[in-house]
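Peer 1: quick one: sequence plus predicted model below, questions after.
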Amino acid sequence: MPLPALTLAAALLRRRAALAAAGALALLGALSGLIPLLDVPGFELGLVGAWLGVLLAGPLGLAAARAERARVGGSPGVAALAAALAASLLLLVLLASSAARAALGPCRALFGAAFFPVLALPSAWLAAALAAAAGWATRGRALPTGLALGAAVVASLAATLRDAWRGPAAFALDHLLGAWPGPLYDEALRLDARLLLFRLGTTGLALLVGAGAAWLAGRRGGRRVALAAALAAAGGAGAAAARVALAAQGLDGHRGRMAAALGGLRQGPSCTVHLPAEKPAEAADALLADCEFHVHDLAAALGLPAAPRVTVFVHRSDEEKRRHVGASGTSFAKPWLGELHVTDAALPHPILRHELVHLVAAALEPGWLGVPARHGLLVSMGLVEGLAVSLELPRGGWTGHQWARAARDLGFLPDVAAALGPAGFWRAAPARAYGAAGSFLAFLRERHGAAPVAALYRSGDFQAAYGRPAAALLAEWQAFLDGVEVPPGLLRAARARYARPALFAVPCAREVAALEEGAWALAGRGRRDEACQALRRVAAVTGRAGPLRAVGDLLAAAGDLDGAAAAYEEAARAAPEVDAHFRAQLVAAEADLFWRRGEFGAAAAGWSRALAVEPDRPEARLLQAKLAAVADRELAVEARPYLLGLEAQAAALDRLRRLDRPLTAYLLSRQALGRGEAGAAVPLLERAAAGGLPPLLAGEARLLLGEARCQAGAAAGGGGPAALRAGAAELAAVEAGAAAEADRVRAAAGLRRCRFLAGG
């Protein structure tokens with residue numbers, strides 16, 4: 001580093017303003033733990049550091065430019081380098097102060113600290129170079145220099161927002177203001193290749209600006225000018241190389257490259273679906289059919305005259321989705337583009353309908369973002385997500401209204417009036433906010449019809465849409481909830497679902513999320529002990545018993561049954577007494593261990609105890625399936641690998657195919673439906689529904705049989721109109737005889753789909 005730059009940097013830091021800034025940054029770091037997600041230096045502090053770096057670099061760059069102009073042989077390149085060094089040292093004061101404070105708490109003080117230099121320093125370097133160059137060009141005048149730097153920030157932000165608005169990605173990359181990695185609900189963040197390459201590009205731009213200014217200021221020749229030209233060229237080449245590398249690795253969020261990487265395409269009247277090329281044709285066609293039905297069904301529910309056109313990207317895995325668009329476990333939609341992104345899953349896709357609501361609702365023309373937003377920018381997330389949840393189909397035995405009533409009875413219902421606004425939604429835990437807003441919007445649609453809901457979605461104005469303020473409608477909804485029945489099992493399940501706090505209230509939130517995600521990755525690579533250690537760390541920091549149960553599951557999967565039993569006992573000791581649902585899950589897990597040991601009676605007793613707490617329908621069906629299997633000596637051996645996940649799925653399914661039992665037919669049919677093979681599922685479901693299944697499985701088999709007959713009837717060679725009529729009749733009978741409202745809703749949706757497939 002040139003000596004003049006070091007000397008100038010030291011002089012800059014001795015100024016009163018710099019010393020005051022250092023003190024303020026030290027205090028900010030010491031107090032940062034008062035703000036959620038700033039309890040340790042990590043991504044959030046790095047993002048703040050990037051913004052502060054720009055603010056610091058402006059006056060530092062101007063002061064350095066003035067000093068260099070007054071020095072014989074001065075250079076804007078030296079000024080840029082000195083300002084960058086001074087800004088970096090000031091930002092490191094913030095990092096050190098924050099880390100020192102964090103070391104006194106329960107979190108690992110430096111767990112995510114690498115984010116800070118990667119996010120903060122390149123922004124400071126580029127801003128310092130811009131300020132020094134502007135200060136040199138304006139002969140040290142403050143106002144023009146400040147305006148030039150401000151214009152650069154605005155231009156950079158405008159370009160970033162333009163790319164984020166036009167492109168498919170959930171991430172946003174800005175050379176001056178840092179980077180946004182993706183959806184808030186992706187809690188585990190990584191210092192990945194995308195961020196590193198982008199910040200390498202920012203560093204190259206800083207070198208290009210600083211060295212380029214030095215070259216322009218001394219164009220009369222000489223070694224120093226040649227060196228400046230070479231450095232400027234190197235900076236430009238580095239920035240270009242980083243951009244090329246992002247594109248080559250598919251990390252730039254380019255729509256065409258992403259579609260090419262997926263390789264598969266299905267198109268219908270309303271849906272364009274990009275999906276993995278290797279997906280079997282039957283499964284791809286079934287996925288397209290799912291999309292077409294949901295788009296038309298949702299358009300009808302919202303009173304639209306016609307279904308809009310949508311584009312769906314189905315990624316192979318969460319990891320591929322993270323690489324393509326910056327979202328891992330979170331699915332998301334861009335309503336203004338008519339696009340959504342999900343990870344591939346067994347059919348019916350569990351998330352597709354929810355995300356399609358966002359795209360279909362955009363046809364209501366709520367604004368340039370396709371969602372209700374105050375002043376066009378402040379999105380009312382309670383309305384956006386509430387509408388999507390209100391139009392979901394039940395996946396269990398309870399409706400959204402029943403879940404909302406249970407949340408209210410347990411004291412978990414958030415302030416719905418606040419959650420409907422632009423900021424209040426994020427203050428509540430996701431399960432609570434989504435569920436409450438969904439029940440409220442469903443109530444409004446059921447009570448008052450689709451037209452005022454559509455008007456509300458367009459304007460966000462309750463008074464204009466309903467002639468009454470939101471408070472009056474919320475009171476009406478609360479009165480409605482008073483009459484909603486809440487089964488005892490739902491209260492226990494709701495306590496488990498809603499007890500987890502929002503991300504902002506979790507201690508060491510980013511560390512905890514990374515440890516949990518990393519534990520499963522370690523387990524997948526056979527590093528079981530390290531995975532268990534990570535999960536125990538999560539349990540120690542959060543006080544939750546769930547990670548201890550996960551330790552037991554990992555040990556059980558590895559064949560350490562005694563170790564698994566000990567972990568389950570430890571989890572039971574850590575679990576709150578009131579969490580009967582979680583305790584029942586532990587009992588069921590211990591019963592699985594008995595089954596593996598051949599102690600069939602003890603296993604059955606454990607599953608019966610778990611069933612006694614009345615878990616939700618999917619969990620109860622699995623327990624009933626295990627009880628049915630263990631009651632048959634042959635099934636007890638052959639169904640165990642499949643129901644406990646002890647073998648590769650293909651081998652476990654081969655075992656089931658060797659036995660002619662109603663239970664094996666039911667299990668095989670579900671696998672066929674998950675692959676989109678409705679025709680293959682129909683005879684299996686007919687065998688399963690003929691008799692011999694436990695009550696919950698028998699009821700599910702009848703509903704699935706109706707759906708499968710309809711889907712098969714719409715396919716070539718699948719029975720045609722006769723199969724469609726038979727399926728509709730089965731679904732109508734299920735709807736008429738269903739005791740639970742959730743079952744009636746599912747059967748009614750199946751009937752609507754059957755009519756849609758029949759062309760009516």
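Peer 2: Received the coordinates, thanks. Given the structure is predicted, the values throughout are model-derived calculations rather than measurements. Numbers count the residues shown, from 1 in each chain.
Peer 1: which residues does residue 170 contact?
Peer 2: 182-183, 325-327, 330, 332, 341 (C-beta atoms under 8 Å, 6 or more residues apart in numbering). The way it works is simple: take the backbone N, C-alpha and C, and place the C-beta from them, glycine included.
Peer 1: same thing with residue 700?
Peer 2: Contacts of residue 700 by C-beta under 8 Å, 6+ apart are 617, 621, 666.
Peer 1: now swap in residue 179 and tell me
Peer 2: Contact analysis of residue 179 by C-beta under 8 Å, 6+ apart lists 47, 119, 171-173, 195, 198-199.
Peer 1: out of those, which comes closest to residue 519?
Peer 2: residue 195 (22.8 Å; C-beta to C-beta).
Peer 1: which non-adjacent residue is nearest the closest one?
Peer 2: Among residues not flanking residue 195 along the chain, residue 179 sits closest, at 5.7 Å (C-beta to C-beta, 6 or more residues apart in numbering).
Peer 1: got phi/psi on that neighbour?
Peer 2: phi -140, psi 140 (degrees, to the nearest 10).
Peer 1: could you measure from it over to residue 191?
Peer 2: Residue 179 sits at a distance of 11 Å from residue 191 (criterion: C-beta to C-beta, to the nearest Å).
Peer 1: restricted to helices, list the contacts of residue 700.
Peer 2: Judged by DSSP state H, helices contain the following of those: 617, 621, 666.
Peer 1: by neighbour count, which of the residues you listed wins?
Peer 2: Counting neighbours by other C-beta atoms under 10 Å, residue 666 comes out on top of those with 26 neighbours.
Peer 1: that one: what's it in contact with?
Peer 2: Residue 666 neighbours (C-beta under 8 Å, 6+ apart): 625, 684-685, 688, 693, 697, 700-701.
Peer 1: for the ones in helices among the contacts of residue 700, which one is nearest residue 590?
Peer 2: Closest to residue 590, out of all of these and judged by C-beta to C-beta, is residue 621, at 19.7 Å.
Peer 1: ramachandran angles for the spatially closest residue to that closest one that is not a sequence neighbour?
Peer 2: In this structure, residue 621 finds its nearest non-sequential neighbour in residue 696, 5.0 Å apart by C-beta to C-beta, 6+ apart. Residue 696 adopts backbone torsions of phi -70, psi -40, taken as degrees, to the nearest 10.
Peer 1: look up how far residue 131 lies from residue 98.
Peer 2: Going from residue 98 to residue 131 by C-beta to C-beta gives 25 Å.
Peer 1: which ones are touching the nearest residue to residue 459 once chain neighbours are set aside?
Peer 2: Leaving aside its chain neighbours, residue 459 sits nearest to residue 465 (6.5 Å; criterion: C-beta to C-beta, 6+ apart). Residue 465 sits next to 452-453, 455-456, 459 when contact means C-beta under 8 Å, 6+ apart.
Peer 1: again, 7 Å this time
Peer 2: Contacts for residue 465 (C-beta atoms under 7 Å, 6 or more residues apart in numbering) come out as 452, 455-456, 459.
Peer 1: just residue 673 next, same as before
Peer 2: For residue 673, the contact set (C-beta under 7 Å, 6+ apart) comprises 347, 681, 704, 708.
Peer 1: with residue 270 instead?
Peer 2: Applying C-beta under 7 Å, 6+ apart, we find residue 270 in contact with 292, 295-296, 307, 309-310.
Peer 1: repeat that for 6 Å
Peer 2: Counting by C-beta atoms under 6 Å, 6 or more residues apart in numbering, residue 270 touches 292, 295, 307, 309.
Peer 1: same deal with residue 734?
Peer 2: Listed by C-beta under 6 Å, 6+ apart, the contact set of residue 734 reads 702-703, 747.
Peer 1: all strands for the stretch 101-250 of the chain, in order.
Peer 2: Per DSSP state E, counting those that start in this stretch, the stretch 101-250 of the chain carries strands over the ranges 172-174, 178-180.
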